[in-house]
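S.K.: only geometry, no sequence info:
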């Protein structure tokens, strides 16, 4: 594999794209959990998670087919077939973690649960340092930024956990806190397959397509086991038919945020990209308090704890994320990439191109034309969502329509800006 590193100007440009995508991911991931508020009107948490996975499945195939084409996905698969297994494993971890977050939201609320499961960034930082040479040769100041940010995130999470006992019954609060923290561990570990994929040169739009197998199999098994059989599951789905659109939409929104998070992870690493995307805790707070009026009627001390804890975690995440990658540290990434390429027999040009944010020089990899398969996938996903939208109803929840509209407009601005930056800078590579 070529040993050359990315030149300084290109490295700075890729980092700026990664940081932008991290912030965009935070906004979209924060919005994706809002539909899970439907658990408060009697829908089983595992049914909510299963339906979100169904939306995720449609998004993970339709978005890459539209943006890049299945021909490109097939090309990536031939270059690094071992990553299919890692993608399936990541999907299994995601499905379990996502289900745990539904239970956490039910027991302690969206604005409390969000920051707790965002402790996943600390787990991700650990794996990035140990397995992928992140922060190696980064210098004392950057190490202090990361460690200081980690301490702030821990303090903020502890403050929010304490606040949860004032919002719900003690036994429910403890159960919700444990569910959120377990989700944090699983999601933090899920970033190992992410980083292996992007050090190897895999395109994020290709890698996300492999998640669906693990997600669907794991979530289907969880739903059938938890509910006591397929017949009970079918009855639950029929009873929830008027909410199917909103829950599957939540999964679709999550995939948009996840794609931006994956680009952030690719270009600034786990130790920076994940804390940046974990600004979703502030967006979760905004949706919970502004859109769904969580914590309404509570005392000012509880508001101070929740908002103060979230801000502490956000400041900590910022300190971690904004400690820029140096040329020496980036050379460590190349060493880790070389190790991955040697271990799995991946082409050196393919790996180097991925690190530089460009396509491989192979003519096959430059095929971008859409086939009837791509358009059929997009048409099927569109038809499913359109059909569900016809029969859906606005859930009987108290929410602020003006706040929902403003937050939605912000989401669209983020995805437009991030998409334009990715296209101009990397052609979505």
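M.R.: Noted; the coordinates are in hand. Owing to the predicted nature of the structure, the values given are computational and were not obtained by experimental measurement.
S.K.: Now do the same for residue 122: helix, strand or coil?
M.R.: Three-state call for residue 122 (DSSP: H, G, I helix; E, B strand; the rest coil): helix.
S.K.: That one: how many residues sit nearby?
M.R.: 23 (other Cβ atoms under 10 Å). Every C-beta, even on glycine, is put in place using the N, C-alpha and C of the backbone.
S.K.: Show the contacting residues for it.
M.R.: By Cβ atoms under 8 Å, 6 or more residues apart in numbering, residue 122 lies in contact with 150, 153-154, 184, 188.
S.K.: Show me where the stretch 251-400 of the chain has its helices.
M.R.: Using DSSP state H, counting those that start in this stretch, the helices of the stretch 251-400 of the chain run over residues 270-277, 280-286, 300-321, 327-344, 348-355, 372-391.
S.K.: And those helices: which comes nearest residue 64?
M.R.: Across the helices of the stretch 251-400 of the chain, residue 64 has its closest neighbour in helix 372-391 (8.9 Å, Cβ to Cβ).
S.K.: Flag every buried residue along the next helix or strand after the closest one.
M.R.: As assigned by DSSP states H and E, the chain's next helix or strand after helix 372-391 is helix 401-426. Using 16 or more other Cβ atoms under 10 Å as the test for burial, helix 401-426 gives 403-404, 407, 411, 414-415, 418-419, 421-422, 425-426.
S.K.: I'd like the helices of the stretch 251-400 of the chain laid out as JSON lines, including distance to residue 62, mean pLDDT and mean neighbour count.
M.R.: Below are the helices of the stretch 251-400 of the chain laid out as JSON lines (distance: least, Cβ to Cβ, whole Å; pLDDT from 0 to 100; neighbours: other Cβ atoms under 10 Å):
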{"stretch": "helix 270-277", "distance to residue 62": "22", "mean pLDDT": "82", "mean neighbour count": "30"}
{"stretch": "helix 280-286", "distance to residue 62": "23", "mean pLDDT": "78", "mean neighbour count": "25"}
{"stretch": "helix 300-321", "distance to residue 62": "30", "mean pLDDT": "77", "mean neighbour count": "20"}
{"stretch": "helix 327-344", "distance to residue 62": "29", "mean pLDDT": "79", "mean neighbour count": "17"}
{"stretch": "helix 348-355", "distance to residue 62": "24", "mean pLDDT": "81", "mean neighbour count": "22"}
{"stretch": "helix 372-391", "distance to residue 62": "4", "mean pLDDT": "92", "mean neighbour count": "14"}
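S.K.: Can you tell me which of the ones you listed is nearest to residue 146?
M.R.: Checking these against residue 146 by Cβ to Cβ gives helix 300-321 as the closest, at 5.0 Å.
S.K.: and that closest one, how far from the chain's centre?
M.R.: Counting by Cα atoms, centre = their mean, to the nearest Å, helix 300-321 is centred 20 Å from the centre of its parent chain.
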